[in-house]
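Participant: Here is my input; please provide its structure:
(chains A and B)
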Amino acid sequence: DAKTTQPPSMDCAEGRAANLPCNHSTISGNEYVYWYRQIHSQGPQYIIHGLKNNETNEMASLIITEDRKSSTLILPHATLRDTAVYYCIVDDYGQNFVFGPGTRLSVLP
Amino acid sequence: ETGVTQTPRHLVMGMTNKKSLKCEQHLGHNAMYWYKQSAKKPLELMFVYNFKEQTENNSVPSRFSPECPNSSHLFLHLHTLQPEDSALYLCASSQEQRATLSTDTQYFGPGTRLTVL
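Facilitator: Below you'll find the predicted structure:
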């Protein structure tokens, strides 16, 4: 079973920030938080990952709470092409991923 | 482009056919993975290879037979499939499995959409 829980769906207006939450209350000390997304019928695309510090790259920002029991993926200026299913995964080495159902993000014009 | 390619992108086969899916990675990785994604279900890990050796088999039926001739190529041989095996089959690669790296991540190919009639 997946070790994370995410809302099944979210909407976001184009141009606004999309904030996708993830709960991982049983995360252990050596487990990282990974985010992937899957645009319809394509392979999952890596977005970002982190351990305890907040992370930012050209795609998104990852905010991890101090107790590491939850995190938020932020897409700062969502576009229609960001419509996808977003998966939050916790794993220690990044190799034994268990995917949950994810959050279906719809970016609306 | 992620550096992981899969062929064919679409495949239709009968239950008595034998076919193979191919995955190739150009990232210099040593671990490769097969996943299955059925309609409205999460991705399920099927097999893992690390340095050409199979390290994970998640109770996959024997009608699915993986082969990893080298670290860059991974095959999934299919025979006597059932209609419920229709799914998107995804290949992924990562640097190596559970070794000295503190963290790693997987890069996915575009998938093969398989339909079994």
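
Participant: Secondary structure element for the nearest residue to residue A:1 once chain neighbours are set aside, which one?
Facilitator: Leaving aside its sequence neighbours, residue A:1 sits nearest to residue A:98 (Cβ to Cβ, 6 or more residues apart in numbering or on different chains; 6.9 Å). Every residue, glycine included, has its C-beta placed from N, CA and C. For residue A:98, there is no host helix or strand (DSSP states H and E).

Participant: so residue A:98 sits right up against residue A:3, yeah?
Facilitator: Yes. With contact defined as Cβ atoms under 8 Å, residue A:98 reaches residue A:3; the gap is 6.8 Å.

Participant: so what sits against both of those two?
Facilitator: residue A:89 (Cβ atoms under 8 Å, 6 or more residues apart in numbering or on different chains).

Participant: and residue A:2, that one's in a strand?
Facilitator: No. Assigned with DSSP: H, G, I helix; E, B strand; the rest coil, residue A:2 falls outside any strand and is coil.

Participant: In terms of helix, strand or coil, where does the nearest residue to it once chain neighbours are set aside fall?
Facilitator: Among residues not flanking residue A:2 along the chain, residue A:100 sits closest, at 3.3 Å (Cβ to Cβ, 6+ apart). What three-state DSSP gives for residue A:100 is coil.

Participant: Residue A:100: how many residues sit nearby?
Facilitator: 17 (other Cβ atoms under 10 Å in any protein chain shown).

Participant: That one reaches residue A:90, doesn't it?
Facilitator: No. Taking contacts as Cβ under 8 Å, residue A:100 lies outside contact range of residue A:90: 10.3 Å.

Participant: so what sits against both of these two?
Facilitator: residue A:4.

Participant: Can you pull up the most central residue in chain B?
Facilitator: For chain B, residue B:34 is the residue whose C-alpha lies nearest the centre (Cα atoms, centre = their mean; 2.5 Å).

Participant: still on that earlier bit, tell me the pLDDT at the residue nearest to residue A:2?
Facilitator: Looking at residue A:100, its pLDDT stands at 90.

Participant: dump the residue contacts of it.
Facilitator: A:2, A:4-6, A:87-89, B:42.

Participant: Need the nearest residue in space to the residue of chain A found nearest chain B, chain neighbours excluded.
Facilitator: Of all residues in chain A, residue A:43 sits closest to chain B, at 3.5 Å by Cβ to the nearest Cβ. In this structure, residue A:43 finds its nearest non-sequential neighbour in residue B:108, 3.5 Å apart by Cβ to Cβ, 6+ apart.

Participant: That neighbour and residue A:37 touch, don't they?
Facilitator: No. In this structure residue B:108 lies outside contact range of residue A:37 using Cβ under 8 Å: 10.8 Å.
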